[in-house]
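> missing the sequence, but the structure's below:
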């Protein structure tokens, strides 16, 4: 890419792809923006009219919006905490030499391949069900009252399910990072008189910083839009106890047929996601600089 | 104090014995170099002394105390690694301070030692940089600084110069030798480079396949190699080893003669040969001479002014007083 000529032709050749991607992004975005300013209800087709900011006013003053906002944050932060801490611990464990290491490492990744709907249903019916679930049986075997996870602690249960799905991802990224740590550094620290916990704190954890950043960034993107797990387990309930922004927008547009309100919610969600992205990049993005 | 004694120390990985039972004493303040070809167990031996590997048998004593089962940190030794093993996320200052921080030394004492080490190693201007911003030689000095501040009983160096370029290597070699003279602390230095061994050591330990082939001062090893292996390993260019009829004339299986102990002449001498490649170093010239009846060409040192060219016929005469004779087992015949 040295000469002016080759730079020109490079730009020319990537332009179709860039234009396609730009259209792919801009057209749905502008349609959502357009819908968000309309009074557009699927039960009254053909009666759309421009309403200005009314949709936004209704969506932002809805008490369900604040509940959903809080639930979204709790879900994202909760899953991040569980997967990052759990991932580090699992990675440390899997980094040790033991019999059957290869098989175990593959098994650890397995939950990541199960689709969210399926894993959420398995958790709901086979583990968390207060009558037939494994946890209920375990509680009864110990002489305890079975706990109804999805009604009594719906958000925590969903955090648990989603964490289970994402833990393998975090473990895998952190394990590879751990394996790339120069063993001589650890030996040097050992000779310098650092016991294991200090070697972990002063050598391993700083080495993992970049991998942890990657895990947090990638997971945040996906966790902001968790949907299937909520749909098949709690339907956002009881009340709004497990409704996140994604689910609220779904309810607005497809359960209440209010496409205008749903679109306004979508725009709000885009703005919020960008605010989160800016803060994340500010806070931890510097770890990604080489 | 740093007197290290190895008593029948043995190391096996599974069924493979890499170091058969071995005895060695390293006196306090000595500069000892372990030298040998790749895979001879010299690094393993160093790691056994450091405590980074467990011994399979025998005893390691540091200052008469049994250190065989002590963890590395408790042995009072400091190690400089081949890859330097600096902590990349810490500044030079923090790298050097790390062992003292782990030992819980008071802050002002830490500062004092860092300043002293930085001054001794010309690192004062770089204390706030990260290792990634330093050159190879500077990183090496930081690694040495990190070892010095612990004031260890002995320093262990694991091929510390092998990642440096040739010019820097000569410079660092001098710096480490000077450091040893100044600190007078025991140093154990592992290398595969026999030039480093010859120039730096008080005592060289030549290893092959985990066995000690010979222990002695550089000149002892050079002048009186105990066997064919040491004869061929110590010295650059290598000693010429001759077998067959010529050796039999001297009642030996193998005879060895160093390049500087062969006289070269265009008129006449003991062995007739033909000049092959010549290497001109300015002060010296090394001729590779193919001698009739010998498979390997012999290396001869001549002064830089001798001008002979490829294909010339010459005669070589060994200096009988400097001839080394070895028996069928490869051992020196006195």
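On my side now, so go ahead. Remember, it's a predicted structure, so these values are computed and weren't measured experimentally.
> residue A:225 touches residue A:246, doesn't it?
Yes: the pair residue A:225 / residue A:246 is scored as a contact, 5.1 Å apart, by CB atoms under 8 Å. No exception for glycine: its C-beta is placed from N, CA and C like everyone else's.
> ok, those two, which is more surrounded?
Comparing residue A:225 with residue A:246 by other CB atoms under 10 Å in any protein chain shown, the one with more neighbours is residue A:246, at 22 against 14.
> how about that one, what does it touch?
A:72, A:224, A:225, A:226, A:227, A:230, A:269 (CB atoms under 8 Å, 6 or more residues apart in numbering or on different chains).
> per-residue pLDDT of it, please?
Confidence at residue A:246, expressed as pLDDT, is 89.
> next: the one 10 residues further on.
If you check residue A:256, the pLDDT there is 82.
> same check on residue A:289?
At residue A:289, the predicted lDDT confidence score is 66.
> can you check residue B:147 too?
The per-residue pLDDT reported for residue B:147 equals 90.
> isn't there a helix covering it?
Yes: remark: residue B:147 belongs to a helix, assigned using DSSP: H, G, I helix; E, B strand; the rest coil.
> now it: how far from residue A:39?
Distance from residue B:147 to residue A:39, counting by CB to CB, to the nearest Å: 76 Å.
> more neighbours: which of those two?
For the pair residue B:147 and residue A:39, the greater number of neighbours falls to residue B:147 (27 against 17), based on other CB under 10 Å.
> residue 235: neighbour count?
Using chain A here. By other CB under 10 Å, 15 other residues sit near residue A:235.
> please go with chain B instead
Counted by other CB under 10 Å, the residues lying close to residue B:235 total 19.
> that one in helix, strand or coil?
Residue B:235 falls in the coil class when you classify it by three-state DSSP.
> for it, which residues are in contact?
The neighbourhood of residue B:235, defined by CB under 8 Å, 6+ apart, consists of B:194, B:222, B:258.
> swap in residue A:257?
Contacts of residue A:257 (CB under 8 Å, 6+ apart): A:41, A:42, A:43.
> and it, how far from chain B?
55 Å (CB to the nearest CB, to the nearest Å).
> chain neighbours aside, what residue packs nearest to that residue?
Closest residue in space to residue A:257, ignoring its immediate chain neighbours: residue A:42 at 3.8 Å, by CB to CB, 6 or more residues apart in numbering or on different chains.
> list phi and psi for that neighbour.
In terms of degrees, to the nearest 10, the main-chain angles of residue A:42 are phi -70, psi -20.
> would you confirm that it contacts residue A:260?
No: counting by CB under 8 Å, no contact exists between residue A:42 and residue A:260, whose distance comes to 10.1 Å.
> could you export the contacts of residue B:235 as CSV, including neighbour count?
Rendered in CSV, the data for the contacts of residue B:235 read as follows (neighbours: other CB atoms under 10 Å in any protein chain shown):
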residue, neighbour count
B:194, 22
B:222, 18
B:258, 22
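> which one of those is nearest chain A?
For chain A, the closest of the contacts of residue B:235 turns out to be residue B:194, at 24.5 Å, with distances computed as CB to the nearest CB.
> residue ranges with poor pLDDT in the chain?
Answering for chain A, as no chain was given. For chain A, the stretches flagged by pLDDT under 70 are A:1, A:288-290.
> um, chain B though
Along chain B, the parts satisfying pLDDT under 70 run over B:1.
> the helices in it, which residues?
Taking DSSP state H as the criterion, chain B contains helices spanning B:42-50, B:92-103, B:107-120, B:136-148, B:166-183, B:194-200, B:218-223, B:228-233, B:245-249.
> make TSV out of those and add distance to chain A.
Formatted as TSV, the entries for those read as follows, by distance: least, CB to the nearest CB, whole Å:
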stretch	distance to chain A
helix B:42-50	6
helix B:92-103	4
helix B:107-120	13
helix B:136-148	7
helix B:166-183	18
helix B:194-200	20
helix B:218-223	28
helix B:228-233	27
helix B:245-249	46
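> for burial, what's the neighbour tally of residue B:40?
The criterion is other CB under 10 Å. On that basis, residue B:40 has 22 neighbouring residues.
> check residue A:202 too.
In terms of burial, residue A:202 registers 20 neighbours under the definition other CB under 10 Å.
> repeat for residue B:133
A total of 12 residues lie near residue B:133 under the criterion other CB under 10 Å.
> got it, and residue B:72?
Taking other CB under 10 Å as the neighbour definition, residue B:72 ends up with a count of 22.
> correct me, but residue B:48 touches residue B:12?
No: the criterion here is CB under 8 Å, and residue B:48 misses it with residue B:12 at 11.6 Å.
> anything in contact with each of the two?
With contacts defined as CB under 8 Å, 6+ apart, the residues shared by residue B:48 and residue B:12 are residue B:19.
> looking at the two, which is more packed in?
residue B:48 (23 against 14).
> now what about stretch B:239-249, what contacts it?
For stretch B:239-249, the external contacting residues (CB under 8 Å, 6+ apart) are B:225, B:228, B:231-232, B:253-259, B:262, B:271, B:293-294, B:296, B:298-299, B:324-325.
> quick one: distance of it to the chain centre.
Its chain's C-alpha centre and that of stretch B:239-249 lie 28 Å apart, by CA atoms, centre = their mean, to the nearest Å.
> quick check: end-to-end length of it?
Using CA to CA, to the nearest Å, the end-to-end distance of stretch B:239-249 comes to 19 Å.
> which parts of that stretch are buried?
By 16 or more other CB atoms under 10 Å in any protein chain shown, the buried positions in stretch B:239-249 come out as B:239, B:240, B:241, B:242, B:243, B:246, B:247.
> which of these sits closest to residue B:185?
residue B:239 (33.6 Å; CB to CB).
> how much space separates the closest one from residue B:233?
Counting by CB to CB, the gap from residue B:239 to residue B:233 is 9 Å.
> residue contacts, the closest residue in space to residue A:163 that isn't next to it in sequence?
Nearest non-adjacent residue to residue A:163, counting by CB to CB, 6+ apart: residue A:82, 4.0 Å away. The contact partners of residue A:82, taken as CB under 8 Å, 6+ apart, are A:159, A:160, A:163, A:167.
> which one of the residues you listed is nearest to chain B?
Set against chain B, the nearest of the contacts of residue A:82 by CB to the nearest CB is residue A:167 (26.2 Å).
> buried stuff in the helix or strand where residue A:167 lies?
Secondary structure assignment for residue A:167, by DSSP states H and E: helix A:154-179. Residues of helix A:154-179 classed as buried: A:154-155, A:157-175, A:177-178 (neighbour count, 16+ other CB under 10 Å).
> how about stretch B:93-106?
B:93, B:94, B:95, B:96, B:97, B:98, B:99, B:100, B:101, B:102, B:105.
> centre of the chain versus it, how much separation?
On the basis of CA atoms, centre = their mean, stretch B:93-106 is displaced by 30 Å from the centre of the chain it belongs to.
> ok, the nearest residue to residue A:236 once chain neighbours are set aside - how many residues close by?
What sits nearest to residue A:236 in space, not counting adjacent residues and going by CB to CB, 6+ apart, is residue A:243, at 3.7 Å. Residue A:243 is flanked by 25 other residues according to other CB under 10 Å.
> mind checking how far residue A:243 is from residue A:35?
Separation of residue A:243 from residue A:35 (CB to CB) stands at 21 Å.
> for chain B, what are the nearby residues on the stretch 151-290 of chain A?
Along the stretch 151-290 of chain A, the residues adjacent to chain B under the rule CB under 8 Å from any CB of the partner chain are A:182, A:184-185, A:187-195, A:198, A:202-203, A:206-207, A:209.
> only whichever of those are buried, select them in PyMOL.
Remark: buried members of these, expressed as a PyMOL selection using 16+ other CB under 10 Å:
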select buried, chain A and resi 182+184+185+187+188+189+190+191+192+193+194+202+203+207
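> which residues of chain B lie near chain A?
B:50-52, B:71-73, B:77-79, B:81-83, B:85-89, B:98-99, B:102-103, B:146, B:150.
> again, only using 7 Å
B:50, B:52, B:72-73, B:78-79, B:81, B:83, B:85, B:87, B:89, B:98-99, B:102-103 (CB under 7 Å from any CB of the partner chain).
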